[in-house]
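>>> Fold the following.
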Amino acid sequence: MNKKCKLCGAPLNLDNSRCDYCGTTHDTTEQSTNTLNHHSPQNNIPDLDWSSTPTRNRLTINVVAGAFAAVNVVVLAFYTIFFWSTIMTSMNTFLTENEYAMLGLAVIGVFGLMITSLILHIIGLVQSRKHGISIVGHVLGLVSVGIMIITVTMFSFISIILFFLAAIFTLIQKNVNPPNF
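Here you go, the predicted model:
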């Protein structure tokens, strides 16, 4: 007769008194199983081994990099609108000195944000890898920084989307299995 775990329903190994799936302890005799079902509902609570449960690592650099990526989404959206509206309104005329100055300041400000974001994501990538945290957000952040630096504004909408995803994935800080080196 195949016995099943009373908590999760997984098949029990007759040699083992502990469920391989959920860790619930069971007596292997029929009489104790009946006692388990009818007389002591407290025994249905699984006996979990908390020493083997992985702890969740939270890195401050990931919070900072994720928040900075979220700020980059907003700043790049305004920058893109400002840049293209300035260029489009002066299509038939030359830009004035004030317009050049404003565009220059905007480009310098955005490049400052990109350099800061680049540094944060590189540090976060190294630290996350060391602590067994997913690096997807940092990789997306680095790709979006690269797109912004190389193309300046041509593909800034792609960078906005990638920075949005980078902020989400970086702030989640999902634990992954550490690689075997």
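
>>> What ranges does the chain have for its helices?
For the chain, helices defined by DSSP state H occupy the ranges 30-38, 60-89, 97-131, 136-151, 156-172.

>>> Please convert the ones you listed to a markdown table, extending it with mean pLDDT, distance to K3 and mean neighbour count.
For glycine as for every other residue, the C-beta is placed from the backbone atoms N, C-alpha and C. Shown next, in a markdown table, are the helices of the chain (pLDDT from 0 to 100; distance: least, Cβ to Cβ, whole Å; neighbours: other Cβ atoms under 10 Å):
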| stretch | mean pLDDT | distance to K3 | mean neighbour count |
| --- | --- | --- | --- |
| helix 30-38 | 46 | 7 | 12 |
| helix 60-89 | 90 | 45 | 17 |
| helix 97-131 | 91 | 41 | 16 |
| helix 136-151 | 93 | 42 | 20 |
| helix 156-172 | 92 | 39 | 20 |
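
>>> would you list the ones you listed in TSV and tack on distance to K6?
Output for the helices of the chain, formatted as TSV (distance: least, Cβ to Cβ, whole Å):
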stretch	distance to K6
helix 30-38	7
helix 60-89	41
helix 97-131	38
helix 136-151	39
helix 156-172	35
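
>>> of all those, which lies closest to N13?
In terms of Cβ to Cβ, the element of the helices of the chain nearest to N13 is helix 30-38, at 14.7 Å.

>>> Break this structure down into its structural domains.
Domain ranges of the chain: 1-53, 60-172, per automatic domain parsing.

>>> Make sure L162 is actually in contact with V139.
No: between L162 and V139 there is no contact under Cβ atoms under 8 Å: 9.8 Å.

>>> what's the spacing between stretch 100-114 and its chain's center?
Computed by Cα atoms, centre = their mean, to the nearest Å, the chain-centroid distance of stretch 100-114 equals 29 Å.

>>> ok, residues contacting it?
Where contact means Cβ atoms under 8 Å, 6 or more residues apart in numbering, the residues beyond stretch 100-114 that reach it are 71-72, 75-76, 79, 82-83, 86, 95, 145, 148-149, 152.

>>> what about 6 Å?
If you take Cβ atoms under 6 Å, 6 or more residues apart in numbering as the criterion, stretch 100-114 is touched by 72, 79, 145, 148-149.

>>> how far away is K6 from R58?
Applying Cβ to Cβ, to the nearest Å, the value for K6 to R58 is 36 Å.

>>> related to what we said a few turns ago, could you export the contacts of stretch 100-114 as CSV, including distance to G66?
Compiled in CSV, these are given as follows (distance: Cβ to Cβ, whole Å):
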residue, distance to G66
N72, 11
Y79, 20
V145, 14
M148, 17
I149, 20
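
>>> Lovely, talk soon.
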